[in-house]
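> take a look and give me a structure for this.
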Amino acid sequence: MGQTVQLDGQEIPIETDTTAAALKEEANVDADAVLTYRSDDGIESLNDDDVVATHVDDGQEIQAQPLATSEVFGAL
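Now for the predicted structure:
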């Protein structure tokens, strides 16, 4: 395993080539959700084909944000 990430409070081991889409599938997150993380520049999002390990540090928290038709992010 390459590293671990925290996705909505759940620790998930990932490989160095794991994409955001594969991470969502592994964590049973809706495929239409957007994965976000905090960087030095603020809140960033991952595209489904982004390799997670190139964007986040080992152990970093990632949040799944549901999409809605009338808002940028859906209500929880």
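> list the beta-bridge partners for the residue most central in space within the chain.
In the chain, the C-alpha nearest the mean C-alpha coordinate belongs to residue 35, at 3.4 Å (C-alpha atoms, centre = their mean). Beta-bridge pairing for residue 35 (DSSP bridges): residue 46, residue 64.
> list the contacts of it.
7, 20, 23, 24, 29, 45, 46, 52, 62, 63, 64, 65 (C-beta atoms under 8 Å, 6 or more residues apart in numbering). Glycine gets a C-beta too; all of them are placed from N, C-alpha and C.
> distance of the residue lying closest to the second one once chain neighbours are set aside relative to residue 7?
Right, the one you point to is residue 20. Leaving aside its sequence neighbours, residue 20 sits nearest to residue 46 (C-beta to C-beta, 6 or more residues apart in numbering; 3.9 Å). According to C-beta to C-beta, to the nearest Å, residue 46 and residue 7 sit 11 Å apart.
> residues shared between the contacts of those two?
With C-beta under 8 Å, 6+ apart as the test, residue 46 and residue 7 both reach 35, 62.
> can you count the residues close to the residue nearest to residue 20?
Residue 46 is flanked by 21 other residues according to other C-beta atoms under 10 Å.
> ok, now residue 39?
With other C-beta under 10 Å as criterion, residue 39 counts 12.
> kindly report the same for residue 8.
Residue 8 has 13 nearby residues by other C-beta under 10 Å.
> doesn't residue 66 make contact with it?
No - Residue 8 is not in contact with residue 66 according to C-beta atoms under 8 Å; the separation is 11.2 Å.
> where are the low-confidence patches of the chain?
Applying pLDDT under 70 to the chain picks out residues 1, 68-76.
> helices of that one, residue ranges please.
For the chain, applying DSSP state H gives helices covering 20-26.
> which ones are touching residue 59?
3, 4, 5, 6.
> and for residue 55?
37, 39, 44, 46 are the contacts of residue 55 under C-beta under 8 Å, 6+ apart.
> out of those, who's nearest residue 16?
residue 46 (15.2 Å; C-beta to C-beta).
> does the closest one touch residue 52 like I think?
Yes - between residue 46 and residue 52 a contact is recorded at 6.7 Å, counting by C-beta under 8 Å.
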